[in-house]
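Asker: With the input below, show me the fold.
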Amino acid sequence: MRLYLTRHGQTSANVGRLLDTAVPGRDLTDLGRQQATALAEKMRREDLTAVYSSDLVRAQQTAAPLADHLGQEVVTLGGLREIQAGDWEMTTDWMPFVEAVGRWGGNPDERIPGGESGVEFMTRYTEALHRIVADVHARDVNASALAVSHGAAMRVWCAAALGMPPDWFTGRALDNTLVVTLEGGLEGDWRLLAWGDEPVTVG
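Answerer: Numbering: from 1, shown residues only. Predicted structure coming up:
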């Protein structure tokens, strides 16, 4: 199946550079709502079986216009949530969080203070994607779906699950509502087909 993994629209926490990871999180800004509408216009041309989002408000608000167009309800999966910042929640100093997550490559058992470990994050995120695949396959093995998630979560999962080289993200942004196109199945054999509008082959 094909999965369009999408970052949520802009929030005030994005604008203020706040590390906003806990439920429910900030709402979309006016620009974020415009981005969600533009995402729906872009993706309405795809043959989508379902629309999923994390349980954070901004992800659900981003998914809603597309789901409305398709006449569907947004399916909420907590496993698609952002990496939990724990003690660093709502800080403007991102470096301890970024450095801790970066160390997961060598020590996935390391835990963010008050948050989660790399193993815990990868397990719940992978289980959420497996749930999506199982749901879609039950309807049509050739169908596709869209899931709205979060920047750090998408980067870390893609890097680990697809075996991206260390310099993959150099010069590659993960902007609000950027769409990452994946292909995979129940075996978890994911391949990266596109990063935004850039066709790629990783995994």
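Asker: ok, which stretches of this structure are strands?
Answerer: According to DSSP state E, the chain carries its strands in the segments 2-7, 48-53, 75-76, 144-149, 179-183, 191-195, 198-202.
Asker: among those, which is nearest residue 68?
Answerer: Among the strands of the chain, the nearest to residue 68 by CB to CB is strand 48-53 (9.4 Å). From N, CA and C alone the C-beta is placed, and that goes for glycine too.
Asker: List the buried residues in that closest one.
Answerer: Within strand 48-53, the residues that count as buried by 16 or more other CB atoms under 10 Å are 48-53.
Asker: next one: stretch 190-199
Answerer: Using 16+ other CB under 10 Å as the test for burial, stretch 190-199 gives 190, 192-193, 195.
Asker: which stretches of this protein form helices?
Answerer: Taking DSSP state H, the helices of the chain run over residues 12-16, 30-43, 57-70, 95-102, 118-139, 151-162.
Asker: what residues are up against the residue nearest the centre of the chain?
Answerer: Centroid-nearest residue in the chain, with CA atoms, centre = their mean: residue 149, separated by 2.8 Å. Residues in contact with residue 149 (CB atoms under 8 Å, 6 or more residues apart in numbering) are 5-8, 53-54, 59, 80-82.
Asker: Out of the residues you listed, which is nearest to residue 126?
Answerer: Checking the contacts of residue 149 against residue 126 by CB to CB gives residue 80 as the nearest, at 10.8 Å.
Asker: Run through the residues that contact the closest one.
Answerer: 52-55, 59, 125, 128, 147-150, 153.
Asker: Chain neighbours aside, what residue packs nearest to it?
Answerer: Closest residue in space to residue 80, ignoring its immediate chain neighbours: residue 54 at 3.8 Å, by CB to CB, 6 or more residues apart in numbering.
Asker: and that neighbour, how many neighbours?
Answerer: Residues lying near residue 54 (other CB atoms under 10 Å) number 27.
Asker: Low-confidence ranges, the chain, go.
Answerer: The model of the chain has pLDDT under 70 over residues 141, 202-203.
Asker: one more time with 90, if that's ok
Answerer: Residue ranges of the chain with pLDDT under 90: 1, 44-47, 137-143, 163-173, 184-189, 197, 200-203.
Asker: how much space is there between the residue nearest to residue 110 when sequence neighbours are not counted and residue 85?
Answerer: Nearest non-adjacent residue to residue 110, counting by CB to CB, 6+ apart: residue 103, 5.6 Å away. Counting by CB to CB, to the nearest Å, the separation of residue 103 from residue 85 is 15 Å.
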